[in-house]
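# Here is the input, now give the coordinates:
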Amino acid sequence: MSVRASLISFFLRRTLKKQMATFEDPADVRQSPSLPGSKTPKDVTVAPVDAGSVPAEWITPDNPADGDALLYLHGGGYVFGGLDSHRDIACRLAQAAGVRVLLLDYRLAPENRFPAAVEDATAAYRWLLAGGQAADRLVVAGDSAGGGLSVALMVQLKALELPLPKAAVLMSPWVDLANTGDSVSLHADADAMLSPQAVDKFASLYLDGQDPGDPLASPLYADLSGLPPTQVLVGSEEVLRSDSERLVERINGAGGRAELAVWPKMPHVFPILAGVIPEGRQAVQDMSAFIRTNLSTP
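A predicted model of the protein is given here:
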């Protein structure tokens with residue numbers, strides 16, 4: 001663990017972790033500053049777009065691979081996050097993988113409850129296909145709630161008999177909104193960012209009394225057969241570590257191909273800290289290599 005990562009974890013544990021567990025009004029957290037290093041690089045173009053009636057941005061690096069694209073679904077417990085908070089990681093993936101990235105600004109809870117986020121992700125995916133984007137040249141990626149939403153999207157695409165993306169990349173995906181994983185309690189103190197109280201609060205705000213076992217809310221309980229190759233990254237001390245482990249186990253058990261990378265002592269969704277920690281930058285390179293390998297495979 002780098003010195004920078006250790007310092008960032010120390011800072012998160014004493015600031016954001018407490019805020020996530022105790023906030024009363026989501027608007028107060030939404031107004032917090034964006035993550036460090038969120039300026040748009042000079043060699044990347046950012047253009048607002050209406051993606052099937054869902055606000056989004058096309059993030060385009062210099063000389064992107066022709067025909068390739070990535071749909072990015074941000075994290076934030078379905079309550080926080082958006083274009084500003086996740087533009088940096090989207091830009092980094094666009095640059096490193098050489099693909100255009102559609103960063104989606106889906107509706108948030110509690111103003112928009114489940115299944116609003118799934119509806120928006122599906123609408124944007126349909127918009128991509130209608131615009132000529134080939135599914136076999138498309139990757140879906142997401143972090144935390146956005147990672148779970150990425151899996152829920154693929155489950156929904158199967159139900160709608162729409163073509164699935166070529167691959168998926170998931171960072172600390174939240175796929176069990178019932179929060180039954182062993183790590184939720186085992187890592188309650190060790191996790192630098194999230195706590196059992198925080199994930200329970202997020203689930204309550206998003207679901208509003210609906211069944212946390214619904215496969216589009218908690219895709220861990222869905223039929224995961226037929227999913228494309230999937231890469232999952234998670235920190236070793238996260239409360240959501242069990243979500244990643246069980247997801248990979250169930251995808252592989254259903255005949256799919258999923259790989260898990262557990263990074264020692266990294267904070268929740270550490271790749272979004274690539275602007276300040278070396279482990280984040282290495283993770284971006286690893287994810288981009290996975291993206292390029294799968295997009296290059298017939």
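
# ok, residues contacting stretch 56-71?
Residues outside stretch 56-71 that contact it (CB atoms under 8 Å, 6 or more residues apart in numbering) are 43-50, 83, 87, 90-91, 93-95, 97-105, 121, 124-125, 128, 133-134, 137-141, 165, 291, 295. Any C-beta I mention is one placed from the backbone N, CA and C, and that applies to glycine too.

# what comes up buried for that stretch?
Of the residues in stretch 56-71, 56-61, 64-65, 68-71 count as buried by neighbour count, 16 or more other CB atoms under 10 Å.

# before we move on, back to that, tell me which of the contacts of stretch 56-71 fall in strands.
The members of these that map onto strands under DSSP state E are 44-50, 100-104, 138-141.

# Show me where the stretch 101-250 of the chain has its helices.
Listed in chain order, the helices of the stretch 101-250 of the chain (DSSP state H, counting those that start in this stretch) span residues 116-130, 145-159, 182-186, 196-207, 241-253.

# circling back: filter the ones in strands among the contacts of stretch 56-71 to the buried ones?
The neighbour-count test (16+ other CB under 10 Å) marks 44-46, 49, 100-104, 138-141 as buried among the ones in strands among the contacts of stretch 56-71.

# any chance of these in a markdown table, with distance to residue 188 and pLDDT too?
Below are these laid out as a markdown table (distance: CB to CB, whole Å; pLDDT from 0 to 100):
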| residue | distance to residue 188 | pLDDT |
| --- | --- | --- |
| 44 | 38 | 94 |
| 45 | 42 | 95 |
| 46 | 38 | 96 |
| 49 | 40 | 98 |
| 100 | 39 | 98 |
| 101 | 34 | 98 |
| 102 | 35 | 98 |
| 103 | 31 | 98 |
| 104 | 31 | 98 |
| 138 | 37 | 98 |
| 139 | 33 | 98 |
| 140 | 30 | 98 |
| 141 | 28 | 98 |
